[in-house]
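Novice: model this:
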Amino acid sequence: MLSPTDEPISGQRTPEGVAARLEQLILDGIFRTGQLLPSERRLCERLGVSRASLREGMRILRSKGIIETRHGRGSTVAALLPAREQSPLMHLFRDHPRTLFDLLEVRALLEGESAQLAASRGNPADRVLITRRYREMADYVANADPIDVERLARLDHAFHLAISQASHNPVLVHTLQNLTELLLSSVFASVKNLYHRPQPREMINRQHARLHDAVVKGKPQLARRVALEHLNSIGEALREIEAEDERLERSTMRLEGWG
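Specialist: Numbers count the residues shown, from 1 in each chain. Alright, predicted model coming up:
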């Protein structure tokens with residue numbers, strides 16, 4: 001998209017055109033929240049525009065709150081949604097464990113669709129990144145002893161995020177990125193409660209391998225089916241653990257003469 005050999009049409013050389021092209025790059029996830037934008041010289045070269053048009057285009061984005069510029073430090077992509085920690089709703093979601101199962105349902109809706117789209121729309125560069133994230137996660141699982149739950153959760157989340165990015169649906173990608181804190185909490189809970197148990201661990205590893213293969217081999221229906229199976233089986237396993245804990249609590253109370 002930013003090939004220096006591309007010849008921009010005349011409308012894209014105007015400040016408004018420059019702003020629109022930069023907005024599209026941000027929507028597409030090329031430039032991400034908090035990322036430092038390339039230098040003026042490099043942007044002018046890659047976009048094929050004058051420095052004056054670029055500066056005015058950047059001013060338009062600053063006025064919209066899309067980028068932030070600090071003297072001597074350049075411009076970065078601004079936070080496109082309010083900070084998560086400022087949202088009372090996010091506090092409620094995070095602090096009440098029952099929402100874990102609601103999160104798994106949301107993940108199934110979003111990630112099932114993103115896996116299907118990634119398998120049908122993903123290009124060779126997307127597949128390289130998905131495989132890289134999968135290998136980072138699989139290699140860590142194979143070699144780490146003991147496994148750091150938080151690190152594995154982040155590797156797991158990065159793998160699923162790479163798949164969503166290959167969907168080439170900016171709304172879907174940004175929705176998942178801006179739910180990172182909540183989604184990570186569901187991944188963390190899954191890893192913490194299931195990964196030390198041999199059967200669930202083997203199930204999760206197998207499903208990740210099947211999901212990777214279905215997406216990179218361009219099998220949309222299979223990719224969606226595996227993604228849904230993965231998240232539904234995690235929910236079922238966590239519910240069974242919860243039921244076991246409740247049964248144990250009731251038995252303990254009877255043993256101690258509570259009833």
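
Novice: just checking, residue 234 touches residue 101?
Specialist: No - assessed by CB atoms under 8 Å, residue 234 is found out of contact with residue 101, at 10.0 Å. C-beta coordinates here come from the backbone N, C-alpha and C atoms, glycine included.

Novice: More neighbours: those two, which one.
Specialist: A side-by-side neighbour count of residue 234 and residue 101, using other CB atoms under 10 Å, places residue 234 first with 24 against 14.

Novice: which residues touch the nearest residue to that one once chain neighbours are set aside?
Specialist: Of all residues not flanking residue 234 in the chain, residue 190 sits nearest, at 5.1 Å (CB to CB, 6 or more residues apart in numbering). Residue 190 sits next to 153, 156, 204, 234, 238 when contact means CB atoms under 8 Å, 6 or more residues apart in numbering.

Novice: Among those, pick out the one closest to residue 112, please.
Specialist: For the contacts of residue 190, the residue nearest residue 112 by CB to CB is residue 234; the value is 13.1 Å.

Novice: Regarding the closest one, which helix or strand does it belong to?
Specialist: helix 220-255 (DSSP states H and E).

Novice: In whichever strand or helix holds the residue nearest to residue 234, which residues are buried?
Specialist: Element membership for residue 190, per DSSP H and E: helix 180-194. The neighbour-count check on helix 180-194 (16 or more other CB atoms under 10 Å) flags 182, 183, 185, 186, 187, 188, 189, 190, 191, 193, 194 as buried.

Novice: any chance of those in TSV, plus distance to residue 129?
Specialist: Converted to TSV, those look like this (distance: CB to CB, whole Å):
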residue	distance to residue 129
182	23
183	18
185	24
186	22
187	19
188	23
189	26
190	23
191	22
193	29
194	26
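
Novice: now residue 106, nearest residue through space, not along the chain?
Specialist: residue 179 (7.9 Å).

Novice: count of neighbours near that neighbour?
Specialist: A count of nearby residues for residue 179, using other CB under 10 Å, gives 20.

Novice: and what of residue 157?
Specialist: Neighbours around residue 157, by other CB under 10 Å: 20.

Novice: can you check residue 196 too?
Specialist: 12.

Novice: Quick check: it vs residue 204, distance?
Specialist: Distance from residue 196 to residue 204, counting by CB to CB, to the nearest Å: 12 Å.

Novice: ok, now residue 14?
Specialist: Counting by CB to CB - residue 14 and residue 204 are separated by 51 Å.

Novice: the more surrounded of those two?
Specialist: residue 204 (20 against 14).

Novice: Which helix or strand contains that one?
Specialist: helix 198-216.

Novice: what comes up buried for that helix?
Specialist: So for helix 198-216, counting by 16+ other CB under 10 Å, buried means 200, 203, 204, 207, 208, 210, 211, 212, 214, 215, 216.

Novice: Spit out the contact partners of the fourth one.
Specialist: When you say that, I think you mean residue 207. Listed by CB under 8 Å, 6+ apart, the contact partners of residue 207 are 226, 229, 230, 233.

Novice: what about the first one, neighbour count?
Specialist: By other CB under 10 Å, 24 other residues sit near residue 226.
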